[in-house]
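J.: what's the 3D shape of this:
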Amino acid sequence: MFSHSTAGMTALLADRSLPAEAPSWGSERLPTLGYLLRSGVGTPAESYLLFVTEYMRSPDGEIWPPDTGTIAGWYALGKPLGGAFSRAPETAHSVTVNRVLPAVNWDPASGASVQGAGFVTSSRHDGSAFLPGADYANVLFDVWTNRDFWLSIPKDMPPLPKRQREGKTPYKWRRQLWRVDGAGEGGPSYLVLKDTVFGGEPTQWHFWTWSEKIGTPEEAAAGESFLADKPGAKIAQCRELKGNRFTAVGQFGVDVEYYLAAPADTPRHTLRFGVSQGAYGVGRAIPEYQDLLCLQREDDGEYFVVLCAREQNAAVPQFETCAEGRAVKISGDFGSDIVFVCRERSTGKVGSFQFEAEALVIQERSGRLRLLFGSPGNFVSERLTIRTSVPVEAKIGDGEILVFARPGNDQAGIEIEQAGSWTLGKGSDKGVKWMPAKERGGTLSFPSGAAKAVLTKRR
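T.: Numbering: from 1, shown residues only. Predicted structure coming up:
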């Protein structure tokens with residue numbers, strides 16, 4: 001942000017005489033902050049997500065204690081969809097960020113005290129994968145105490161849903177996250193969150209969206225009549241929602257379709273909150289209002305939620321839970337995606353597909369199959385078997401298999417079984433080796449670092 005404090009420096013910070021070029025930025029882990037996940041940089045459908053995983057190192061607004069574990073910003077299809085409010089003390093309490101927090105009672109009329117926002121949290125990173133079509137992260141958060149901290153719930157915040165008892169520290173929660181970008185493949189772009197809570201405390205799950213209003217898909221489909229009473233730049237009181245499918249009608253032409261795979265039978269609520277505030281060097285206040293989806297648990301367990309970005313003139317996808325509650329299937333004219341997430345490596349079956357992994361996405365697109373392994377695992381179908389010791393992406397088409405792997409510092413072997421004779425084709429990275437099996441398929445060997453292999457079928 002340019003202001004009086006950067007007077008005279010603007011020409012150096014933004015030199016318009018330099019040639020314009022889209023940066024080749026990809027997803028990465030920032031060790032002192034978290035995961036910065038992005039794709040399509042410089043395109044109209046750019047996607048971006050910031051997952052904060054580290055505890056604060058500065059008391060003055062770098063990140064604050066409630067931010068650890070949050071989705072601080074999510075953009076998809078080129079539009080802002082959800083995230084933290086603008087960085088100001090009035091909107092930085094744990095109730096105004098996207099995370100799992102201990103159950104809290106808040107009613108400004110009662111004058112009751114509420115939990116502080118000084119959660120002291122350590123994080124353990126248990127896996128990640130940065131692939132061309134998706135990103136995956138698995139982090140365990142240990143919230144071991146709640147110290148006094150000067151952040152407080154905004155005094156104008158509407159009352160939250162009443163809880164039987166408030167949650168306390170310590171508790172733990174594991175956040176497993178898939179960010180899938182389907183913009184370049186003709187499929188959906190979505191975020192999948194599986195948050196698993198331990199510690200025996202009641203909790204609640206918060207996600208805020210830059211939307212006009214939240215309702216059921218049937219209500220949102222009514223269009224103008226549904227939005228006739230949209231609050232705009234006003235606060236809206238808490239109201240209960242029914243079901244497991246909701247639509248957040250976006251402020252910028254892209255909606256968020258929520259699908260709640262778990263919990264299945266607990267209360268759901270929404271409310272609207274916002275403020276009008278300026279920033280350093282900006283003369284006028286700008287209104288920022290978001291809608292909250294609040295879920296609850298009284299016990300340990302999972303919050304398993306899909307958030308699908310959809311342009312407002314596009315068809316609404318269908319959702320269903322499968323693989324004994326460990327996967328969600330998203331389907332539409334584009335084909336289908338099966339998103340499998342488990343706390344540890346487990347087996348699953350959907351239709352003719354059998355698999356074993358911690359995290360796996362299976363995409364079907366007009367005769368082509370795409371597998372996104374967020375962890376080591378294997379996949380078996382009627383015609384194909386893949387076993388991998390590292391996160392990998394594989395596109396299987398007619399006569400060609402494209403494989404992309406990031407094996408880290410160790411060589412990785414990926415076994416592929418499919419009928420026919422296969423050879424390493426043009427476009428494969430240097431150092432990649434293909435060792436054919438006697439009967440069918442073979443093994444790909446990748447050197448350390450990122451690598452791509454192209455297998456072609458001999459005619």
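
J.: Determine the longest strand present in this protein.
T.: strand 335-350 (DSSP state E).

J.: residues in contact with it?
T.: Contacts to strand 335-350, defined as C-beta atoms under 8 Å, 6 or more residues apart in numbering, come from residues 174, 176, 178, 180, 182, 187-188, 190, 192, 194, 196, 304, 306, 322-324, 326-331, 353-366, 375-377. Every residue, glycine included, has its C-beta placed from N, CA and C.

J.: just the buried members of these?
T.: 174, 176, 178, 180, 182, 187-188, 190, 192, 194, 196, 304, 306, 322-323, 326-330, 353, 355-365, 375-377 (16 or more other C-beta atoms under 10 Å).

J.: Partner strands of the helix or strand harbouring Lys194, with direction?
T.: In this structure, Lys194 is located in strand 189-198 according to DSSP states H and E. Note on strand 189-198: by DSSP bridges, its sheet partners are strand 171-180 (antiparallel), strand 301-311 (antiparallel).

J.: Could you provide these in a markdown table, with additional columns for distance to Thr91 and mean pLDDT?
T.: Formatted as a markdown table, the strands paired with strand 189-198 follow (distance: least, C-beta to C-beta, whole Å; pLDDT from 0 to 100):
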| stretch | distance to Thr91 | mean pLDDT |
| --- | --- | --- |
| strand 171-180 | 22 | 98 |
| strand 301-311 | 21 | 98 |
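
J.: can you put these in JSON lines and add distance to Glu400?
T.: As requested, the strands paired with strand 189-198 are arranged in JSON lines below (distance: least, C-beta to C-beta, whole Å):
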{"stretch": "strand 171-180", "distance to Glu400": "22"}
{"stretch": "strand 301-311", "distance to Glu400": "29"}
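
J.: Which one of those strands lies nearest to Phe404?
T.: For these, proximity to Phe404 was assessed by C-beta to C-beta; strand 171-180 is nearest, at 15.0 Å.

J.: Off-centre distance for the closest one?
T.: Centre-to-centre, strand 171-180 and its host chain are 8 Å apart (C-alpha atoms, centre = their mean, to the nearest Å).

J.: Please save the CA atoms from it in PDB.
T.: The C-alpha coordinates for strand 171-180 follow below in PDB (Å, rounded to 0.1, in the frame of the first residue of the first chain):
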ATOM      1  CA  TYR A 171      -7.300 -29.300  22.800                       C
ATOM      2  CA  LYS A 172      -5.900 -30.500  19.500                       C
ATOM      3  CA  TRP A 173      -7.200 -30.300  15.900                       C
ATOM      4  CA  ARG A 174      -5.900 -31.600  12.700                       C
ATOM      5  CA  ARG A 175      -6.600 -29.600   9.500                       C
ATOM      6  CA  GLN A 176      -6.300 -31.500   6.200                       C
ATOM      7  CA  LEU A 177      -6.800 -29.300   3.200                       C
ATOM      8  CA  TRP A 178      -7.200 -29.900  -0.500                       C
ATOM      9  CA  ARG A 179      -7.200 -27.000  -2.900                       C
ATOM     10  CA  VAL A 180      -8.200 -28.200  -6.400                       C
END
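
J.: residue ranges of the strands in the stretch 201-350 of the chain, please?
T.: 203-209, 211-215, 236-241, 245-250, 254-262, 268-277, 286-297, 301-311, 318-322, 327-332, 335-350 (DSSP state E, counting those that start in this stretch).

J.: For Gly78, which of these is the nearest?
T.: strand 254-262 (7.9 Å).

J.: which residue is nearest the middle of this protein?
T.: Leu191 (3.7 Å; C-alpha atoms, centre = their mean).

J.: Who does the nearest residue in space to it that is not next to it in sequence form a beta bridge with?
T.: With sequence-adjacent residues excluded and distances taken as C-beta to C-beta, 6 or more residues apart in numbering, Leu191 is closest to Leu307, at 4.5 Å. Beta bridges link Leu307 to Leu191, Tyr258, judged by DSSP bridges.

J.: Leu307 contacts Glu257, doesn't it?
T.: Yes: with contacts counted by C-beta atoms under 8 Å, Leu307 reaches Glu257, the gap being 7.4 Å.

J.: ok, and what's touching stretch 444-459?
T.: So stretch 444-459 is contacted by 390, 399-416, 420-429, 431-435 (C-beta under 8 Å, 6+ apart).

J.: Filter these down to just the ones in helices.
T.: The helices, defined by DSSP state H, take in nothing from the contacts of stretch 444-459.

J.: what about dumping the CA coordinates of the helix or strand hosting Ser122 to PDB?
T.: Using DSSP H and E, Ser122 sits in strand 118-130. Written as PDB, here are the backbone C-alpha positions of strand 118-130 (Å, rounded to 0.1, in the frame of the first residue of the first chain):
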ATOM      1  CA  GLY A 118      -4.600 -15.700  23.300                       C
ATOM      2  CA  PHE A 119      -4.500 -19.300  22.100                       C
ATOM      3  CA  VAL A 120      -0.900 -20.500  22.300                       C
ATOM      4  CA  THR A 121      -0.500 -23.100  19.500                       C
ATOM      5  CA  SER A 122       2.200 -25.300  18.200                       C
ATOM      6  CA  SER A 123       2.000 -27.000  14.800                       C
ATOM      7  CA  ARG A 124       3.300 -30.300  13.400                       C
ATOM      8  CA  HIS A 125       3.400 -30.700   9.700                       C
ATOM      9  CA  ASP A 126       2.500 -34.300   8.700                       C
ATOM     10  CA  GLY A 127       2.500 -34.000   4.900                       C
ATOM     11  CA  SER A 128       2.000 -31.800   1.900                       C
ATOM     12  CA  ALA A 129       1.900 -32.000  -1.900                       C
ATOM     13  CA  PHE A 130       2.200 -29.300  -4.600                       C
END
